[in-house]
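Colleague: return atomic coordinates for the entry below.
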Amino acid sequence: MNKIKFTACKHLDFSDNYAAKKELIFTCGETKVCWDRPVSDDSYPRLVQFCKLRGRMRLNSPEMCICEKNKRCSDYEDFGHEVTFE
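Modeller: Got it, this is the predicted structure:
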C-alpha cells in the first residue's frame with residue numbers, strides 16, 4: 001500500500017466504498033487521486049470523482065473539484081487529503 005498527500009475539495013470521497021480503484025493523476029501542478037471505474041462501454045466516463053456532500057454523486061471528470069479552479073459548486077473547500085492506494 002502507498003500513501004499520497006494532496007489538496008482538493010474536502011467533500012471529495014476517497015474511502016474504499018466503491019467498485020473502482022484509485023488512480024494517480026497530475027493536475028493543477030500536483031499529483032492527486034481520482035477513481036478508475038471498471039466500465040466496458042467507452043460512452044461512460046472511466047476516470048471520475050465522488051462527492052460526499054452530494055450523496056456520493058459521481059462527478060464525470062477526474063479533475064472536477066480537485067482544485068479551486070475546477071470546482072463544480074460554491075461549497076468547494078480546500079483540504080489536505082491523505083489517501084492510501086495500491
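Colleague: can you give me the strands for the protein?
Modeller: 2-9, 21-27, 30-36, 47-51, 57-59, 78-85 (DSSP state E).
Colleague: ok now the shortest one, how far from the chain's centre?
Modeller: The one in question is strand 57-59. Here the centre of mass of C-alpha atoms in strand 57-59, compared against the chain's by CA atoms, centre = their mean, to the nearest Å, lies 9 Å away.
Colleague: now do the buried residues in it.
Modeller: Neighbour counts over strand 57-59 (16 or more other CB atoms under 10 Å) mark 58-59 as buried. Just so you know, the C-beta spots here come from the backbone N, C-alpha and C atoms, and that holds for glycine as well.
Colleague: circling back to that earlier point, what's the closest of the strands of the chain to K71?
Modeller: Taking CB to CB as the measure, these were each checked against K71, and strand 2-9 came out nearest at 6.7 Å.
Colleague: partners of that closest one in the sheet?
Modeller: Strands adjacent to strand 2-9 in the sheet, as given by DSSP bridges, are strand 78-85 (antiparallel).
Colleague: what angle do the strand it pairs with and strand 21-27 make?
Modeller: For strand 78-85 against strand 21-27, the angle by axes from the mean of the first three to the mean of the last three CA atoms, to 10 degrees is 130 degrees.
Colleague: which residues are contacting strand 78-85?
Modeller: With CB atoms under 8 Å, 6 or more residues apart in numbering as the contact definition, strand 78-85 has outside contacts at 1-10, 12, 14, 21-22, 24, 33, 68.
Colleague: so which of the strands of the chain gets nearest R72?
Modeller: Between R72 and the strands of the chain, the shortest separation by CB to CB is 6.3 Å, and it involves strand 57-59.
Colleague: what about that closest one, average pLDDT?
Modeller: Taken as a whole, strand 57-59 has an average pLDDT of 96.
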